[in-house]
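Participant: How does the following fold in three dimensions:
(2 chains)
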Amino acid sequence: MFQKVDEARFVEGEHEMLRLWSERDVFRRLLDKNAGGPKWSFLDGPITANNPMGVHHAWGRTYKDVYQRYRAMTGHELRYQNGFDCQGLWVEVEVEKEMGLGTKTAIVEQGIDKFVHECKKRVLTFAARQTEQSVRLGYWMEWDDPEELRKLASHIGDEETLTLQTPKGETASGSAEELTARLGNPQWGGSYFTFSTENNETIWTFLKKCFERGKIYLGHDVMPWGGRAGSAYSQMEIADGRKLTTHRSCFVRFPLIEEQDGTTETRRHGGVPEYLLVWTTTPWTLTSNVAAAVNPDLEYVRVKAQTRGDEEPAYYYFAKENLEFKRLEREFKEGFGRPEWQWPDGLDKLKTISQIFKEQGKYKVDGTVKGEEMIGWRYAGPFDDLDAQNQPTGYPDRTSQLQIYADRWSQPSFTREQLAKDAKKLTTAVSLDDAPQVPNSLVEDKALTAIDEQQDWIDKKLRTEWRDKLEEGPKLISGLLEAAKSVGILTSRLVDYDTNFSELDRALRNLGMETAFARDWRALVAANESTLTVGTTLKHIYSVQPKSEEGRQALQEWVGEAQPNLTPELINSLSLAIERVFHSLETELGSILFKSGAEAHHVIDGGRDFKGNPHVVAGEGTGIVHIAPGCGDVDNQIGQSIRLPVIAPLSEDGSYGPGFDDRFTGHTAVDPATADLVFEQLKEKGHFVYVEEYPHVYPHCWRTGEELVFRLVDEWFINMDWREEIKDVTRAIEWLPESIQGQDREVEWLSTMRDWMISKKRFWGLALPIWVNPNDASDFEVIGSLAELKERAVEGWDEFEGHTPHRPWIDVVKIKSEKTGAVLTRVEDVGNPWLDAGITPFSTMGYREQPDMWEQWYPADFVTECFPGQFRNWFYSLLALSTMMRHGETDKPEEKRPFKTLLGHRLVMDETGQPMHKSDGTAIWFEEAAEQLGVDTLRWMYLAHNPASDLRFGTRHPDEPVTLNTPEGPISETKEGLPTVKVTSKPADDIRRQVLIPLWNSYAFFVNYAVADEFAPTLEQVPLADRPEIDRWILSRLQELIGTAHESFEAYDVATFVAAATTYIDDLSNWYIRRNRRRFWRSKDASDTDKTAAYQTLHEVLLTLTKLLAPCVPFITERMYGNLIGDTSPRATSRGSNAGESSVPRGVARGLGGEHSDSVHLCEYPSIDESKLDLELNRKTADVQTLVRLGHRLRESAELRVRQPLAELQFAASDAAQASALEQSADIIADELNVKMVTRSENLDDLVSYSFKPNLKTLGPKYGKLLGVIRKELPEMDGALLAPLRNGKPVTITLGGEEVTLEPDDVLVSTEQASDWASGDDGGIQVALSTTLTPALIREGMARDFVRHVQQARKDAGLVITDRIRIFYFTSDADVQIAITEHEESIQASTGWKDKGVLRPTDIDEWSEYIRTETLSDSITHTTAKDVPVEPVTIGESQVAIWIKPA
RNA sequence: GGGGGUAUAGCUCAGUUGGUUAGAGCGCAGCUCUGAUAAAGCUGAGGUCCCAGGUUCGAAUCCCGGUACCCCCA
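Facilitator: Okay, here's the model as predicted:
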């Protein structure tokens, strides 16, 4: 039997269901049930186990859960493996804070082992926490017991032998460290942890494969560095450690030089020496200067000035704008952006450059020059006498590392021979005899036609479709382009369509290469006065490679017309020039690479940052920036892009290394005395111009306050030159939602990404399996597994054994080089954490140890993740790692892909669309939302949202603490000690109001009547054919919904299903139940088949709906389901007291209605019952609803409330079938719209008038320009002329002097108002509603108002639906009204009174029986007593007091 | 600088192969229904469809140029 239900109490209900699931072990039974079913492989992107979950995590986890649940209900076997991301800096930073450590040194001093243990503990602790939160979300995974995880956490680092209970029910023993290392293995089950030995070892396997393909190399990168701590700092740490400080900044001058007759001379202008004016805040870096950067677009001045101490005047170059620029003017007034960062006391305002020169003497502006023209100028550096400046390759010597680059450049495709050959092809291509073959997908005919017709087509193709073809196919320029790209000197602009020669010219000058070839280029351009571009020429010739004679001619013609300058002679000289340039590049590359700092000094283009802003701007400095790639991040980037030598002056302790002789070696960079030293030297050499105190915000160590410097450090990279393989794999994957073009974005990233830096100088993470010769960086090996390591180990293995392959334990193992026999030591670095997450398709599915299992589960069918950022993080690492792992195992991209379909979703934002941050208290913790808004509500909100756009979740109110009722009891702070506060969410409120409450109310309606009526679902089913149409309709609509559900889930587009379900729930609540209420009220009568049909229909609908919605809202559906199947065990009502001893047998519900499972989640997902699907009926009902809506609209505009009965409604429909269908539903329409009569008419000509408009879509093609006239005149024509059109007959008329034949489809007819009838049309249905009221209708309307007020009174009195009452009423107008009645006729005539009335006792008497039936009342008493107990209400024109008493 | 995307109501966004009066949700205003539900339903106000040019009988839609914002890359 059903249990009565009242308010939904969603959150409480969710807690009850969590208990129920765990008591009945539902999840475990689901696994058993589906074991052996078809497999559906989901791969979880690991969540960082470093903090508790917020609402932003819950979106993705809801997707993961909902698609898994759907697959489970359709019988699939799943892995249900959650993942935790465990290693990396995020954890280290938090643990450092916890342990009160500030520096890497501090970590080393108190023991890396201890630190790593703490990291493991933290991860385990938060894994436990996130597990609990996920369970609360209803996220079904094979979860580890959080208590077991906490137990492990508390024993990490001790030797005690523990016994672990695994999720699959096994027990395992060992130390906490041993057990932890094996978490998530297939035998145990449970979440995978990326710190597991299997995960780390599988990454080793990957890196070994990279190594075997020659992709691992040692490069370098500039990092913020603390000398005292002896360590690098992360971006995160820097953000915390910025401080306002004052440094001595200086203006220095670099003398320009030039070659004259083989010797290098100071450059002079009119006999006066010329200098670049340069400014820096870090004088110590001047020792390591290699270049000076300008902005090519800026204007520079040449100023003649004589500074103090100079014998003669000199010319200075600097940005024109800077001469009078008031430096730090705003900061002087307003400070540096934070309240505590005000201009330092006692510090003067900065001087302008003009002032500085004036103070030292006179100056005069003598000409300007564009930055562009300065590029390539050579100068002498201020410290060119230092050894470090004269070391080839820079300092320290990087010859061995650079050899790796050099090797790459000498690959076959870049050889001189190859380049020459390619260039030759260019020549021959003009005659088109020996053109290379066209890539086969280039459709020739299409191309040729297009060439003839318009050049645009080609342009477009070039930019889109052919791009890939050009890159993929055998092609003329590929060698040139690849060579150019790989040396990083010629940007992709060289090959871009709109690139012109000057780009190449600039690139060459930027390299400091004033080569014969560059000059050739320029001469070539000048001689031809050509606007022809390299890209245009090469691409056009190369991309259209006609095979037929006809095609060749077409191309030649096109070349002749479109590119008149492109003569065979020009092509020839172009090709020769290209050949020479690249030959030159090849031969000169070495010298670029192996140049010393001193040799490299020249003016370069500063380029632009990632936002497109130039690195060099006018303003603060001089517009000429001193570049020291070994001392600055940006400097290093610029340097790398044009292969400047790198001088890295600092040792680990932050002092100058030995290459800086006795002047600097050993001095600390941040020591102010070092600056003095620099100034002294500069003065001595005549480079010094001016020094000043300069305040700025500068990075400091966030704990010790020590000033940081930028230092060049060695890092390990994977050469990603196999990107094309990854692109192929990327294209074999379905990327959803389509609108975000994920595949294109990923391919784009793969095309432009740089080599992958995989090392990190930290402690907690993957131990990079790279063993290197301490004396020769090129002598290194990569180890692929622990077994291999054990075999190769020459020392340290015994010490290591028994520990996880983490620092510090792994560091002691040493091997012997196979190449040189030297003892190799592991590099101390740990790995990039994206390796950890990217290897999981292999590590979690048994790639290494259980190939059978791996075969079954790889590739994953589905992954889903928040996409911003992941294209270059997780998605990228998955793709890259899989591609490499599968290399040599298969050639097919679809067998290499790690997953088949990816669903991305965007971010969770606050109510205003701003990101939520933990730091400012706007990030909403999971519990706060779950316990205040309800998890089902949250889930629906996530699922309904378009994954391609940000979700505006709501607002956290940090000032309003709340106590939350959680499954574990009330809390007022999180386990981390943060107070829980109020959370509001408009979308959540909307969903609860519009979806979940109506759903619940529909269910409650059914259950409560079923209880009252003792309806038994076991009754024999009323045959479908015997049920009323409306029953068949709601069941038919249900089948439609089932279809939508399957389609949506299969397409990973659950939002479509959720939207359809919302509409269905509305149909159910606001149409089916509302229209059928009366069928449920009738007295008990077992033979009332109509009533039985109603119950059975609604029962079926609700039961099916719970199953359909179960994946989306697992809690509310479970509650409803239990009651709907008549499960009387302690569920819906349980408070837990007797729940534990529930005697319900597993898998069988004891209740009504035959075979049901005892959980909706163990049910099969519904499938369409075709016999119940009647699309015709669905359409028809939709028409009725349309008509009713239209009727309501008409009543609205005529100001006739629905309770007021009207005499008649007439309708007509152009479609006869539609009209007769509506006619069949006349009673419904009459009832809904409260009209006495519903009449179908052929037309409404007598009641309405029509207006006619042309159907432009059909007439446009027929009449073209005449349309303007038709459009204007047709509506003005006599309706009678056009009347036949409404009966489907054509009409011929004369418009604009032409005869026009109009078919019915050519004209759009709409309905307009006539008197006494309100009329309108919608969807081809015309309706007219009689607005004339008779006194009888008015009286009936008042009677219905009366009933309405009695019902309100019943409700206010809290009566049950079966309670009987007596009614009393009083109306003060009674006497007057009697008088009125007598004169009714005349009053009506004189006032036009027609739609209002006064309520008289006689009216009540007239409707007495109706009123009593409707309100279950035994009597209606009119009283004349004045002291009424209630406020009167208005009925008609009367004030009436109505009150009730129990019968 | 290069590539991609977006621009439509106060807000968030739809808008089919070009077609008539450009829609939805929220918000606002008004009204209505209710014997399960003050749940909801209906109506209304509110738009130079970013700007300019072109193609076309006809452009929010296609093309070209510009502006603004976002993303990716260097």
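Participant: residues near residue A:774, how many?
Facilitator: For residue A:774, the neighbour count with other C-beta atoms under 10 Å is 11. C-beta coordinates here come from the backbone N, C-alpha and C atoms, glycine included.
Participant: Tell me the spacing between it and residue A:940.
Facilitator: As judged by C-beta to C-beta, to the nearest Å, residue A:774 and residue A:940 stand 60 Å apart.
Participant: Same check on residue A:644?
Facilitator: Taking C-beta to C-beta, one finds residue A:644 at 57 Å from residue A:940.
Participant: can you check residue A:386 too?
Facilitator: Applying C-beta to C-beta, the value for residue A:386 to residue A:940 is 69 Å.
Participant: show me the contacts for the closest residue to RNA strand B within the stretch 751-900 of chain A.
Facilitator: Residue nearest to RNA strand B within the stretch 751-900 of chain A (C-beta to the nearest atom of the strand): residue A:752, separated by 3.1 Å. The contact partners of residue A:752, taken as C-beta atoms under 8 Å, 6 or more residues apart in numbering, number zero.
Participant: Ok, residue A:13 next?
Facilitator: Residue A:13 is in contact with A:1115-1116, A:1119, counting by C-beta under 8 Å, 6+ apart.
Participant: Correct me if wrong: residue A:1284 contacts residue A:1301.
Facilitator: No: when contacts are counted by C-beta atoms under 8 Å, residue A:1284 is not listed as touching residue A:1301 (11.9 Å).
Participant: which of the two has more neighbours?
Facilitator: residue A:1284 (13 against 10).
Participant: centroid residue for chain A?
Facilitator: By C-alpha atoms, centre = their mean, the mean C-alpha position of chain A lies nearest to residue A:906, the distance being 2.6 Å.
Participant: What distance do you get for that one to residue A:53?
Facilitator: 18 Å.
Participant: what does residue A:621 give?
Facilitator: Separation of residue A:621 from residue A:53 (C-beta to C-beta): 47 Å.
Participant: before we move on, back to that, so for residue A:1284 and residue A:1301, which residues contact both of them?
Facilitator: A:1290-1291.
Participant: and stretch A:721-739, average pLDDT?
Facilitator: In this model, stretch A:721-739 carries a mean pLDDT of 87.
Participant: Go ahead and name everything in contact with that stretch.
Facilitator: Residues from elsewhere that reach stretch A:721-739 (C-beta under 8 Å, 6+ apart): A:213, A:215, A:408, A:472, A:741-743, A:746-747, A:750-751, A:753, A:879-880, A:882-884, A:887, A:893-894, A:896-897, A:899-904, A:946-948, A:1052-1053.
Participant: buried subset of those?
Facilitator: Buried by 16 or more other C-beta atoms under 10 Å: A:215, A:742-743, A:746-747, A:750, A:879-880, A:882-884, A:887, A:893, A:896-897, A:899, A:901-904, A:947-948, A:1052-1053, out of the contacts of stretch A:721-739.
Participant: now the strands: where do they sit in the stretch 551-700 of chain A?
Facilitator: Listed in chain order, the strands found in the stretch 551-700 of chain A under DSSP state E, counting those that start in this stretch are A:603-605, A:624-627, A:646-647, A:688-699.
Participant: So which elements touch the first one?
Facilitator: Read it as strand A:603-605. For strand A:603-605, the elements it packs on are strand A:291-294, helix A:371-374, helix A:501-510, judged by 3 or more C-beta pairs under 8 Å, 6 or more residues apart in numbering; DSSP states H and E.
Participant: That strand pairs with which strands, parallel or anti?
Facilitator: strand A:291-294 (parallel) (DSSP bridges).
Participant: ok, then the element right after the partner strand?
Facilitator: Next in sequence after strand A:291-294, counting helices and strands by DSSP states H and E, comes strand A:299-305.
Participant: orientation of that next one relative to strand A:688-699 in degrees?
Facilitator: Here strand A:299-305 runs at an angle of 140 degrees relative to strand A:688-699 (axes from the mean of the first three to the mean of the last three C-alpha atoms, to 10 degrees).
Participant: The helix or strand following strand A:299-305 packs against which elements?
Facilitator: The helix or strand immediately downstream of strand A:299-305 is strand A:314-319, counting by DSSP H and E. Here strand A:314-319 touches strand A:242-260, strand A:272-280, strand A:299-305, strand A:624-627, going by 3+ C-beta pairs under 8 Å, 6+ apart.
Participant: tell me what the last one is packed against?
Facilitator: Read that as strand A:624-627. Where contact means 3+ C-beta pairs under 8 Å, 6+ apart, strand A:624-627 is packed against strand A:272-280, strand A:291-294, strand A:314-319, helix A:633-641.
Participant: if you set the cut-off to 6 Å instead, what comes out?
Facilitator: Judged by 3 or more C-beta pairs under 6 Å, 6 or more residues apart in numbering; DSSP states H and E, the packing partners of strand A:624-627 are strand A:272-280, strand A:291-294.
Participant: Check the offset of it from the chain's centre.
Facilitator: Computed by C-alpha atoms, centre = their mean, to the nearest Å, the chain-centroid distance of strand A:624-627 equals 39 Å.
Participant: I'd like to know the average pLDDT value across that strand.
Facilitator: Taken as a whole, strand A:624-627 carries a mean pLDDT of 92.
Participant: My read is that residue A:163 contacts residue A:173, right?
Facilitator: Yes: in this structure, residue A:163 is within contact of residue A:173 by C-beta atoms under 6 Å, at 5.0 Å.
Participant: can you list the residues of the stretch 701-850 of chain A near RNA strand B?
Facilitator: A:739, A:741, A:744-745, A:748-749, A:752-754 (C-beta under 7 Å from any atom of the strand).
Participant: Among those residues, name the ones in helices.
Facilitator: Using DSSP state H, A:744-745, A:748-749, A:752 are the members of those that sit in helices.
Participant: Which ones among the buried ones among the contacts of stretch A:721-739 map onto helices?
Facilitator: A:742-743, A:746-747, A:750, A:879-880, A:882-884, A:893, A:896.
Participant: Just name the closest of those residues to residue A:1363, please.
Facilitator: Among those, residue A:742 lies closest to residue A:1363 (C-beta to C-beta), at 61.1 Å.
Participant: give me every residue that touches that closest one.
Facilitator: Each residue near residue A:742 by C-beta atoms under 6 Å, 6 or more residues apart in numbering is listed here: A:735, A:904.
Participant: For residue A:875, see how far away it is.
Facilitator: Per C-beta to C-beta, residue A:742 is found 8 Å from residue A:875.
Participant: ranges for the strands of the stretch 101-250 of chain A?
Facilitator: Going by DSSP E, counting those that start in this stretch, the stretch 101-250 of chain A shows strands at A:162-165, A:171-174, A:192-193, A:216-226, A:231-232, A:242-260.
Participant: The residue in the stretch 1251-1400 of chain A that RNA strand B sits nearest to: how many residues sit nearby?
Facilitator: Closest contact between the stretch 1251-1400 of chain A and RNA strand B, by C-beta to the nearest atom of the strand, is at residue A:1260 (2.3 Å). Applying other C-beta under 10 Å, we find 14 residues neighbouring residue A:1260.
Participant: All set now, cheers.
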